[in-house]
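K.L.:
Sequence and predicted model, in that order:
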Amino acid sequence: QVQMVESGGGVVQAGGSLRLSCAASTRTFSNYIMGWFRQAPGKEREFVAAINWSGSSTFYLDSVKGRFTISRDNAKNTVYLQMNSLKFEDTAVYFCAAKVSYGLAMSAGDIDYWGRGTQVTVSS
């Protein structure tokens, strides 16, 4: 069982930045493809970004490309999401996700482990 804890959420004005972190309690962190999802009120959970085992490949939701950057530090068992130029529509609960299966494409059904989520609120 892998436990993951997100941090770094908060309230920020439109155009601002936040950096989310997700720390995982596993000795095999580098075996997992890591990602971030988000869920706004009344909406389904949607994929945001993913990163491969080594950190050499990433994949993003179109609407966050050029604004968000996912990265990982396998020595610290941590994955990050740097969010710049935040927009009101980025407001959501952000969840850390881990999967074993191959491929950066992620859907909610592929995920083996979820974090509890951290709230990001962007004020307009």
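P.N.:
Received, thanks.

K.L.:
is it true that Ser80 lies in a strand?
P.N.:
To be clear, residue 80 is Tyr; Ser isn't right here. Yes. Membership of Tyr80 in a strand is supported by DSSP: H, G, I helix; E, B strand; the rest coil.

K.L.:
shouldn't it be in contact with Phe68?
P.N.:
No. The criterion here is C-beta atoms under 8 Å, and Tyr80 misses it with Phe68 at 10.3 Å. For the C-beta atoms, the positions are set from N, CA and C on the backbone; glycine is no exception.

K.L.:
List the beta-bridge partners for the residue minimising distance to the centre of the chain.
P.N.:
Most central in the chain under C-alpha atoms, centre = their mean is Trp36, positioned 2.2 Å from the mean C-alpha point. For Trp36, the beta-bridge partners are Ala49, Cys96 (DSSP bridges).

K.L.:
Find me the pLDDT at it, would you?
P.N.:
Trp36 is assigned a predicted lDDT (pLDDT) of 98.

K.L.:
For Ser124, see how far away it is.
P.N.:
22 Å (C-beta to C-beta, to the nearest Å).

K.L.:
same deal with Arg38?
P.N.:
Distance of Arg38 to Ser124, given as C-beta to C-beta: 17 Å.

K.L.:
Please apply the same query to Ser21.
P.N.:
26 Å.

K.L.:
Ok, Gly115 next?
P.N.:
Distance from Gly115 to Ser124, by C-beta to C-beta: 27 Å.

K.L.:
Have a look at the two and say which one is more surrounded.
P.N.:
Gly115 (23 against 9; other C-beta atoms under 10 Å).

K.L.:
all strands for this protein, in order.
P.N.:
For the chain, the strands defined by DSSP state E cover 4-7, 10-13, 18-24, 33-39, 46-51, 58-60, 68-73, 78-83, 92-99, 113-114, 118-123.

K.L.:
For those strands, give me JSON lines that also has distance to Ser107.
P.N.:
Listed next are these as JSON lines, based on distance: least, C-beta to C-beta, whole Å:
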{"stretch": "strand 4-7", "distance to Ser107": "18"}
{"stretch": "strand 10-13", "distance to Ser107": "28"}
{"stretch": "strand 18-24", "distance to Ser107": "19"}
{"stretch": "strand 33-39", "distance to Ser107": "9"}
{"stretch": "strand 46-51", "distance to Ser107": "7"}
{"stretch": "strand 58-60", "distance to Ser107": "12"}
{"stretch": "strand 68-73", "distance to Ser107": "17"}
{"stretch": "strand 78-83", "distance to Ser107": "18"}
{"stretch": "strand 92-99", "distance to Ser107": "10"}
{"stretch": "strand 113-114", "distance to Ser107": "13"}
{"stretch": "strand 118-123", "distance to Ser107": "21"}
